[in-house]
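> This is a predicted model, with the sequence first.
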2 protein chains.
Amino acid sequence: MKSSGLRIDRRSRVPLHRQLYDRIRGAIETGVLKPGERLASARSLAAQLDVARGTVDAAFSRLAGEGYVVMRGPRGTLVAPDFRARRPPRRSTSLRADTVPSSHSTALPLQLGLPALDLFPRKLWARIAARQARALAGAALAYPDPAGLPALREAVAGYLAVSRGVIASPEAIVITSGYQGALSLVTALALNRGDRIWFENPGYRIARDALAAQGFGLVPVPVDGEGLMVGEAKRRAPRARLAVVTPAHQSPLGVTLSFPRRQALLDWALGREAWILEDDYDSEFHYSGHKPPALKSLDAADRVFYAGSFSKSLFPGLRLGYLVVPARFGADAARLCRQRHRGHSVLDQAVASAFIAEGHFARHLRRMRLAYRARRDALSRALRARFEGRIALASAQGGLHVLARWDGLRSDKVAAAKALVLGLKPAALSDLFLGFTADQGLLMSFTNVAEKDAPAIVRRLARALE
Amino acid sequence: MKSSGLRIDRRSRVPLHRQLYDRIRGAIETGVLKPGERLASARSLAAQLDVARGTVDAAFSRLAGEGYVVMRGPRGTLVAPDFRARRPPRRSTSLRADTVPSSHSTALPLQLGLPALDLFPRKLWARIAARQARALAGAALAYPDPAGLPALREAVAGYLAVSRGVIASPEAIVITSGYQGALSLVTALALNRGDRIWFENPGYRIARDALAAQGFGLVPVPVDGEGLMVGEAKRRAPRARLAVVTPAHQSPLGVTLSFPRRQALLDWALGREAWILEDDYDSEFHYSGHKPPALKSLDAADRVFYAGSFSKSLFPGLRLGYLVVPARFGADAARLCRQRHRGHSVLDQAVASAFIAEGHFARHLRRMRLAYRARRDALSRALRARFEGRIALASAQGGLHVLARWDGLRSDKVAAAKALVLGLKPAALSDLFLGFTADQGLLMSFTNVAEKDAPAIVRRLARALE
């Protein structure tokens, strides 16, 4: 039992739970805390540091969620026995060797947020990359348009018009560093420090952390079968300046925002001169029934920022996404792009625009829809077979994960941490709530679970749940 | 004479001069204002909009500096006759065709901030890119380490140790979106809103604009033959929280920060618990005498953020740079990278790391040093020959531009604008000062002036100066 000289800074703007998380993580990564080593109990650590017990719990559960520690209930919290400290890799020139597993790059079965890494048409991509790299010459080597390569913005405009009913001129589209880049652009454009934001509860954790770290007041808004409860949101914080929503398939519950709710949301934004950020999360992947339209396609008053990402429709390492910006913010968005990063990789942008313009993107999405449906079905079948009668699967018609709830599941966080020790990475539903929740379950991405492997993976999961 | 229904918003946080700049620029880009069309005079525009004359002047001179308008003195201000409105390009898959000249991507002779676009070893780069693209598979497609690909951080660590005397572990190095990315990371880590910053006067315009836009108080500090006048800075703002400096070759004057000033700067930072951002700008290119060491190499107390960029040592379209982060900020920097962009292009990072690790980078820099020295000498010779006795060239031993001052030059801004009409893009020295200056001159990059073309380009420049 050891606290490794942990120190926290009460004057810092960094929340205490995050300071604690950073310190413990640092100690693990640098080997100060060794795999299998037991940490001080949350209670004694809280006493020692004179912080609330909840502060320590928050740090511990994030560490557990990210695989740094394993929570063993009454037996305490251990540094994950399988944790390998990150060491500087040997000098090497192959990308494959460069990306030795780290806490960031490991892709484990059931892990959320990744496309099927085995099905990406990488040879085709490499061929286009080679061609575009050869064409890099003269002015094409210079600073790109900070808001995005014109060809890529045009390709995205075409895709959005055809697939999402979003009519935007290429000039209204800004290329971003994935959804994170879109999020920080939207807050810089539309918000003032301390403004309040409606945020789905449960919701997308990475967005929530980023917004909270920027000092905005997050107003958790419950989600029911019709999506974000707009009436409840208006009751709780009518003067919020921004609503962040995932209308197509709510993240993580998978429900679609109903038409009346969409209308209510747009009316609120118009009436209050507030803004909406539509994260059109996983809308590319819908398997049955009508594909839900984009909220932006109804946005006559131009109050909606529309964000999409290539992280799952292509691959995350590309780090490219797009944001449709209301006309009023056009010039400011271009200025911010100039000041913050002066644009993104010309090579990647050229490859992506060619991939779209030549029709590969549409074909890739069609193929992936079939593959994902098959993987979803296989994983769902295996789960139902193994946990017959004790499991409820949320029957989302789209998206890239299943949500399972078990009768008598005591702690989804503990279950997720145990699964991680067995090499699986489901996410705990309760982790995605702001504040207390009794809703427990596991979110499991099926993207990297081949159909034939589903039964074995479910067997492993069952061991973690025992 | 026309003001195109310009409107400004007095309640906006955007400064009036920038609003004005944005509106006029927008009107030009969308074709509302046509090439050659005359704008309302600054005086009448100021009266019409009820703003200070200086506000309009500031907007006009930025528009002139960026080539949108041409200031013709008593004949008024015109939309640049050679301005071509940006149109959405035709659907196209070739990168070359994608990057039709725009205000951002055009590379004109004498333009600052670009490497020699004709001498980049693009075939070698394309070969490595093709190889790395083929190796993109499995976990390498997933989210990269947000702080940078380990192999690239290691390659940069090796380069910095050998070439700049900067000893940093790969873990202390963060890969950024060029210098802009480093700048916004440093301010987020080390500053609070409204903090004051020592800034070289004259200084790097893009950094200045980015810092001012973030709401920091810029304290202009004069630069003499020994670089930033540290004593003067301490007198003006002893409580500043950050000093942004270009010690190797001051941007734009080219002087090297002297050893006593370096020591004074480090002592100030240590004593005041303030921070220093060293922009090791163009340090790769030094042509005679000892190469000035990095300030960071003297930084025993770990108060210096050290920033470098591949924009000139490789090419700007790569959008990659690096930042050595003091140990105290390590965990926070990683967190910010996760929240803001979740990393950069894996392909570009893999190509850059292979290029460095295989020795191409060192060879490329050696070759470019020779080529740049020859281009610098050719342009200097041509300038001296054409303007015999009336010109003074600052004799910098490094960097990528020459600074010329002429006897009797009335307005360097007018000269720069006239040169732009003739297809040249020198920069006006007076534009790089905060506040009034009598110092006038033209900054001319020699990177894209082949030796044989120097005399013809100088003849064209002479016409602009007539």
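That came through, no problem.

> thinking in terms of the whole chain, how far from its middle is the helix or strand A:Leu124 falls within?
Per DSSP states H and E: A:Leu124 is located in helix A:122-135. Relative to the chain's own centre, helix A:122-135 is displaced by 28 Å; criterion: CA atoms, centre = their mean, to the nearest Å.

> Following element in sequence after it, please.
On the C-terminal side of helix A:122-135, the closest following helix or strand by DSSP H and E is helix A:150-159.

> In which helix or strand does the residue nearest to A:Val221 when sequence neighbours are not counted reside?
Leaving aside its chain neighbours, A:Val221 sits nearest to A:Ala233 (4.2 Å; criterion: CB to CB, 6 or more residues apart in numbering or on different chains). In this view, the C-beta of every residue, glycine as well, is placed from N, C-alpha and C. Assigned by DSSP H and E, A:Ala233 belongs to helix A:230-236.

> Give me the contact list for that helix.
For helix A:230-236, contacts defined as CB atoms under 8 Å, 6 or more residues apart in numbering or on different chains pick out A:198, A:219, A:221-222, A:240, A:243, A:261, A:264-265, A:268.

> Let's have those residues in JSON lines, adding secondary structure.
Below are the contacts of helix A:230-236 laid out as JSON lines (DSSP: H, G, I helix; E, B strand; the rest coil):
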{"residue": "A:Trp198", "secondary structure": "strand"}
{"residue": "A:Val219", "secondary structure": "strand"}
{"residue": "A:Val221", "secondary structure": "strand"}
{"residue": "A:Pro222", "secondary structure": "strand"}
{"residue": "A:Ala240", "secondary structure": "coil"}
{"residue": "A:Ala243", "secondary structure": "strand"}
{"residue": "A:Arg261", "secondary structure": "helix"}
{"residue": "A:Ala264", "secondary structure": "helix"}
{"residue": "A:Leu265", "secondary structure": "helix"}
{"residue": "A:Trp268", "secondary structure": "helix"}
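
> Tabulate these (TSV), appending distance to B:Val346, neighbour count and pLDDT.
What follows is the contacts of helix A:230-236, written out as TSV (distance: CB to CB, whole Å; neighbours: other CB atoms under 10 Å in any protein chain shown; pLDDT from 0 to 100):
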residue	distance to B:Val346	neighbour count	pLDDT
A:Trp198	34	29	98
A:Val219	36	18	97
A:Val221	36	27	97
A:Pro222	38	14	97
A:Ala240	37	24	98
A:Ala243	33	25	98
A:Arg261	38	21	98
A:Ala264	41	18	98
A:Leu265	36	28	98
A:Trp268	40	20	98
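
> which ones are touching the closest residue to A:Ser177 other than its chain neighbours?
The shortest distance from A:Ser177 to any non-neighbouring residue, by CB to CB, 6+ apart, is to B:His341 (3.6 Å). Residues counted as contacts of B:His341 (CB under 8 Å, 6+ apart) are A:177-178, A:180-181, A:184, A:319, B:146, B:177.

> Pull out the buried positions in stretch A:217-230.
By neighbour count on 16 or more other CB atoms under 10 Å in any protein chain shown, the buried set for stretch A:217-230 is A:218-221, A:223, A:226-230.

> Stretch A:161-169 too?
A:163-164, A:166, A:168.

> Nearest to chain B among these?
A:Ala168 (11.6 Å; CB to the nearest CB).

> helix/strand/coil for that closest one?
A:Ala168 - assigned by three-state DSSP - is coil.

> okay, now the closest residue to it other than its chain neighbours: neighbour count?
Distances taken as CB to CB, 6+ apart place A:Val324 nearest to A:Ala168, at 4.5 Å, with adjacent residues excluded. A:Val324 has 27 neighbours, counted by other CB atoms under 10 Å in any protein chain shown.

> wait, what's in contact with A:Val324?
Contact analysis of A:Val324 by CB under 8 Å, 6+ apart lists A:160, A:166, A:168, A:172-173, A:296, A:304-307.

> Compile those into CSV and extend it with columns for distance to B:Trp406.
Formatted as CSV, the contacts of A:Val324 follow (distance: CB to CB, whole Å):
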residue, distance to B:Trp406
A:Leu160, 52
A:Val166, 54
A:Ala168, 49
A:Ala172, 45
A:Ile173, 45
A:Lys296, 55
A:Val304, 54
A:Phe305, 49
A:Tyr306, 52
A:Ala307, 51
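
> Just those: which are in helices?
Among the contacts of A:Val324, no member is found in helices (DSSP state H).

> if I look at A:Val255, how far off is A:Ala396?
According to CB to CB, to the nearest Å, A:Val255 and A:Ala396 sit 7 Å apart.
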